[in-house]
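[1] with the sequence up front, the predicted model follows.
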Amino acid sequence: MTSASLSSTVEDESLLVAAARAGDEPAFAELWSSVRRQAFGVCYHLTGNRADALDALQETQLAAWRGLAAFEGRASFRAWVVVIARNAAHAVVRRRSPAGVFFAEVTEESLVAAPFEDVVAQLADLRRALDTLPASHREALLLWAGGLTYEQVAALMEVPLNTVRVWILRARRRLQTGLAAG
């Protein structure tokens, strides 16, 4: 069985990880292709622009490849990559701005070109709604939506578990309200 023919089930993910650890680049390519979009989304929403997001995404891919030996499988590969993407995005923003200003202004023109105008409009609406959230709520929501558990988000952000639960709940409610009104 080749790595290209493996499906993306949990069992197959562990086989792909094992193959990638052994140097199988097609296995890593398959793993990466399953998480790339989500990693880019985290990078984009944390950096505020496409160029920085692409830089962070590239750093994420390299860090994931180099760090495969450290991947313990306690969480899914997707969740592990989301954490790497978060850290890479923060690093890009820190390099860009000594003040560490996150979530720069994003306009509709700066969004990734899409074949359908309604998709672009929805992305712009989502971006505007995300921009209304406090930074801590937005980050917690993105990490949780990226596949981390509440407990993992709390540990990563170094805040109490119940705080994360409240932040995510408030963020979801505010997004629902903001998207319904927009």
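    Yep, that arrived.
[2] roughly how far is stretch 134-154 from the heart of the chain?
    Relative to its parent chain, stretch 134-154 has a centroid offset of 10 Å by Cα atoms, centre = their mean, to the nearest Å.
[3] so which bits of stretch 169-178 are buried?
    171, 174-175, 178 (16 or more other Cβ atoms under 10 Å). Yep, even glycine has a C-beta here, placed from its N, CA and C like the rest.
[4] now swap in stretch 22-39 and tell me
    Residues 27-32, 34-36, 38-39 are the ones in stretch 22-39 that count as buried (16+ other Cβ under 10 Å).
[5] can you list contacts of stretch 136-145?
    Applying Cβ atoms under 8 Å, 6 or more residues apart in numbering, the external contacts of stretch 136-145 come out as 41-42, 45-46, 82-83, 86, 103, 130, 133, 150, 152-153, 156-157, 159, 164, 167-168, 170-172, 174-175.
[6] pick out the lowest-pLDDT one from the buried residues of stretch 169-178.
    Ranked by pLDDT, the buried residues of stretch 169-178 bottom out at G178, which has 73.
[7] pretty sure that residue contacts D131?
    No - assessed by Cβ atoms under 8 Å, G178 is found out of contact with D131, at 9.4 Å.
[8] before we move on, the earlier item: and which of the buried residues of stretch 22-39 is nearest to H90?
    Nearest to H90 among the buried residues of stretch 22-39, counting by Cβ to Cβ, is A39 at 13.7 Å.
[9] skip the chain neighbours and tell me the closest residue to the closest one.
    Leaving out its chain neighbours, the residue that sits closest to A39 by Cβ to Cβ, 6 or more residues apart in numbering is A85, at 4.1 Å.
[10] against A89, how distant is the closest residue to R96 other than its chain neighbours?
    Leaving aside its chain neighbours, R96 sits nearest to D52 (6.3 Å; criterion: Cβ to Cβ, 6+ apart). Distance, D52 to A89, using Cβ to Cβ, to the nearest Å: 8 Å.
[11] joint contacts of the two?
    C43.
[12] what about A154, neighbour count?
    20 (other Cβ atoms under 10 Å).
[13] and the pLDDT at it?
    A154 carries a pLDDT value of 90.
[14] distance of Y150 relative to Q38?
    18 Å.
[15] which secondary structure element of this structure has the lowest mean pLDDT?
    The weakest-scoring helix or strand in the chain, judged by mean pLDDT, DSSP states H and E, is helix 117-131 (a mean of 70).
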